[in-house]
Structure formats: structure tokens, C-alpha cells
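S.K.: 3D, please:
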Amino acid sequence: MDHDNENDDLKKVIDAGKRKPGPGSKGGQKGKPKGPRSDYLQIDPDTPGYKLVQIIFERAVSEGVSTNELAESLGIAPSTLSHLKTGRRLASSLGRDVIGRFADWLNYPVLAVMILAEQVRLEDFYSPQNDLDRAIDRALHFMADDPEWGGMMPKDLDGASTHMKLWSVWMYERATKTRLITGGVDYLDLLKAMEDFRSDHPASR
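M.R.: Okay, the predicted model is just below:
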């Protein structure tokens, strides 16, 4: 995996994780957060794996692909897609085979799709868990004091989720080649190590 491909994969993960602003509520009515073309989804944004479902159907609509055509292209049952859209099935419960098919269609790394499906959390790459919040706060303070990068930090990052804070710290670490949070595992390095291991020790068939 060369450096350019790693950067491309990282950009796909970060772009996919950005929530797009919706129109909000109208006429004093309580509305749901929406992204472009996501208003037809029958699940709420707090549904596990919502972000993956949103990305899949937004892509299908933008490319003029029907649910049946998408299912045929992916080699899965149309009911799987319908159930994802209505909440009868959660993206967080999808099997590895289906996750892999979505990854191929979206041209995303499989692990990125697993993260979007909330089968893997970024927090899962850090240990010990009980010290993670304090480590994140220390890292954010360090980043804010950086004369080169501090001015580019989002102003509302303090109120963001742990997941988004970790993404910010992780990207800073990769950009500056520093390690701010100990106990973390870089999944790209981990995958490269596994690829090298399997090249030397192929699994028996």
C-alpha cells in the first residue's frame, strides 16, 4: 500500500464521515436532520449504521440507479436494501460479505464501510478505554497550541462526539507524524503488517 493510496483511502473515510447540513425544520415543526436526498429514508440519524445507509442511497439516487438495479449489481436481494431503508434491518448487523460488496460498489476500504456501519468504532483502536477521554482532551489542547495547525481547528470541536474528536487527532497525528494518544493502533499500518504476514505465511486451503 503506497503513500498516495493511503491518502486516497483516508480522504474517502473522512469525506464519508462528514454530515451534510439539511434544511432543518419549517413552520415551527420538529424536523429530522437531513442530507441531500436522504429525506425518503424511513430511519432516524440515530439508527445504528445510518450513515452507511444514507451514503448508499444518496449515491444510487445521484446515479439514477433503482433499488432493484442496485441489488442486482451488488448480487444481494432487493429486500436487503428495502429493509435497510426502513429499519427492519440495521447496517450494524450486516455480514462481512455484504459489507464487502458495498465497499466495492462505493470504492471505499472495507474497514471504512465497517466504521460507517458502526460495526467498528474508532475508539476500538485505543487502549485503555478508561483513560481515552482525558487523553483526547490533552491532545486537543496540544493541537490548539500548535502555531501552524491550531488556527485551523474547528471552533466547535469541544462539543463534538468522541468519534469526531478522535478523527481530528488521528488526522493531525498523520499530518505531523506525531503521536499524541498512546495505546492507539493505526489501522492502515495494522493492515499492512497483516498483508506482509500473510505473504510470508499464506493460509492453508
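S.K.: pretty sure Asp137 is in a strand, no?
M.R.: No: under DSSP: H, G, I helix; E, B strand; the rest coil, Asp137 falls outside any strand and is assigned helix.
S.K.: can you pull the pLDDT of it?
M.R.: Looking at Asp137, its pLDDT reads 86.
S.K.: That one and Leu90: what is the separation?
M.R.: Separation of Asp137 from Leu90 (Cβ to Cβ, to the nearest Å) stands at 32 Å. No exception for glycine: its C-beta is placed from N, CA and C like everyone else's.
S.K.: Tell me which of these two has more neighbours.
M.R.: Neighbours per residue (other Cβ atoms under 10 Å) separate Asp137 from Leu90, with Leu90 holding more: 19 against 12.
S.K.: Would you agree that one is in contact with Gly49?
M.R.: Yes: at 5.4 Å, Leu90 counts as touching Gly49 under the criterion of Cβ atoms under 8 Å.
S.K.: Quick check: neighbours shared by the two?
M.R.: Shared contacts of Leu90 and Gly49, defined by Cβ atoms under 8 Å, 6 or more residues apart in numbering, comprise Leu84.
S.K.: any low-confidence regions in the protein?
M.R.: Low-confidence segments of the chain, defined by pLDDT under 70: 1-40, 122-123, 125-130, 183-194, 197, 203-205.
S.K.: run the last query once more with 80
M.R.: 1-40, 121-133, 155, 158, 161-163, 181-205 (pLDDT under 80).
S.K.: May I ask you to confirm that Leu132 belongs to a helix?
M.R.: Yes: counting by three-state DSSP, Leu132 is found in a helix.
S.K.: Give the burial count for it, as a bare number.
M.R.: There are 18 residues near Leu132, going by other Cβ under 10 Å.
S.K.: Equivalent analysis for Gly100, please.
M.R.: Gly100 has 14 neighbours, counted by other Cβ under 10 Å.
S.K.: ok, now the one 5 residues further on?
M.R.: Using other Cβ under 10 Å, Trp105 is surrounded by 16 other residues.
S.K.: go on, Asn107?
M.R.: Asn107: 10 neighbours (other Cβ under 10 Å).
S.K.: can you give me the strands for the protein?
M.R.: In the chain, no strands are defined using DSSP state E.
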